[in-house]
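# with the input below, show me the fold.
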Amino acid sequence: MLQNKKNKKELMRKIKDEVVALKKSPLYKFRIENKNLPVIGQGNHDAEIMFIGEAPGKNEAQTGFPFCGASGKILDELLAYIGMNREKVYITNIVKDRPPLNRDPSPEEIEIYGPFLDRQIEIIQPKVIVGLGRYSMEYVMRKFGLESKLGTISKLHGQVFDTTLPYGKVKIIPLYHPAVAVYNSHTKDILKKDFEILKKV
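A predicted model of the protein is given here:
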C-alpha cells in the first residue's frame, strides 16, 4: 500500500512537471507574464470521490491550489454539510492554467489539458466523479460513454449516471459549479440538496 501511494505521488509529480513545461498551451504565456502557477490538483490520491472543476481563477493561479477563493469556501461548506472534508476527496480542474479574465476555457484548451485529467483519474481510480459546472459535466460524460445522456446542467444536476472504467464501476454526478452560489443563495440551497444525493451515493 505504501509503495502504491509512493507510485501515485510520483505519477502526479510527473503530470505537474509536464504541465509546468507545457509551452504548446495558449495559456502558457499568460501564466509566465502574470507569474501565475499551474493548478494540478489537491487532496487524497486514494480518494473515492473526485471533484472536477473547469479552470483555475485568480486566487487559484496565485497559490497553485484549486478552489481556494470564494467558490472554494462554498465547496468547503458543502463538504462540511455532508460530514466530509478536503482531506478525503481529490479536487482538480480540466484546464490546469488560468484563462485571462477568468473566461470560460476554450475547446482547444480543454483538448490540450484533458489528457492530464484522464491520467489523474487513472491514478486515483475514484468510485464517484463529480463534474462541477457544464464544461466538466460535458467532458466527463463524453469521455466515459454517457454522451447520449447529455443535456443542460440545469436538467442534469444532481442525477447519478453509472458507467464502467477499466478499473471498475463508477458513478458520474454533474453538479452546478459552486461559483453560481457566490451571487445567488437560492442556488446554494439546490447545491445542498445535490450534495445530500452525493452523501447517499
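# after the helix or strand of the chain with the lowest mean pLDDT, next one along is what?
Of the helices and strands making up the chain, the lowest-confidence element is helix 180-183, at a mean of 87, by mean pLDDT, DSSP states H and E. Of the helices and strands lying after helix 180-183 in sequence (DSSP states H and E), the nearest is helix 185-200.
# regarding the spatially most central residue of the chain, what is its secondary structure?
By Cα atoms, centre = their mean, the mean C-alpha position of the chain lies nearest to Ile52, the distance being 1.4 Å. Each residue gets one of three states, and Ile52 gets strand by DSSP: H, G, I helix; E, B strand; the rest coil.
# could you find the closest non-adjacent residue to it?
Beyond its immediate neighbours in the sequence, the residue positioned closest to Ile52 (Cβ to Cβ, 6 or more residues apart in numbering) is Ser136, lying 4.4 Å away. Every C-beta, even on glycine, is put in place using the N, C-alpha and C of the backbone.
# number of residues surrounding Lys199?
11 (other Cβ atoms under 10 Å).
# parallel or antiparallel, list what pairs with the lengthiest strand in the chain.
Ranked by residue count under DSSP state E, the longest strand found in the chain is strand 168-175. The pairing partners recorded for strand 168-175 under DSSP bridges are strand 128-132 (parallel), strand 161-165 (antiparallel).
# and the contacts of the least confident helix or strand of the chain?
Here helix 180-183 makes contact (Cβ atoms under 8 Å, 6 or more residues apart in numbering) with 70-71, 74, 187-188, 191.
# re the thing from before, now name the helix or strand holding the residue nearest to Ile52.
helix 134-143.
# so Thr164 touches Val170, yeah?
Yes - between Thr164 and Val170 there is a contact at 7.0 Å, judged by Cβ atoms under 8 Å.
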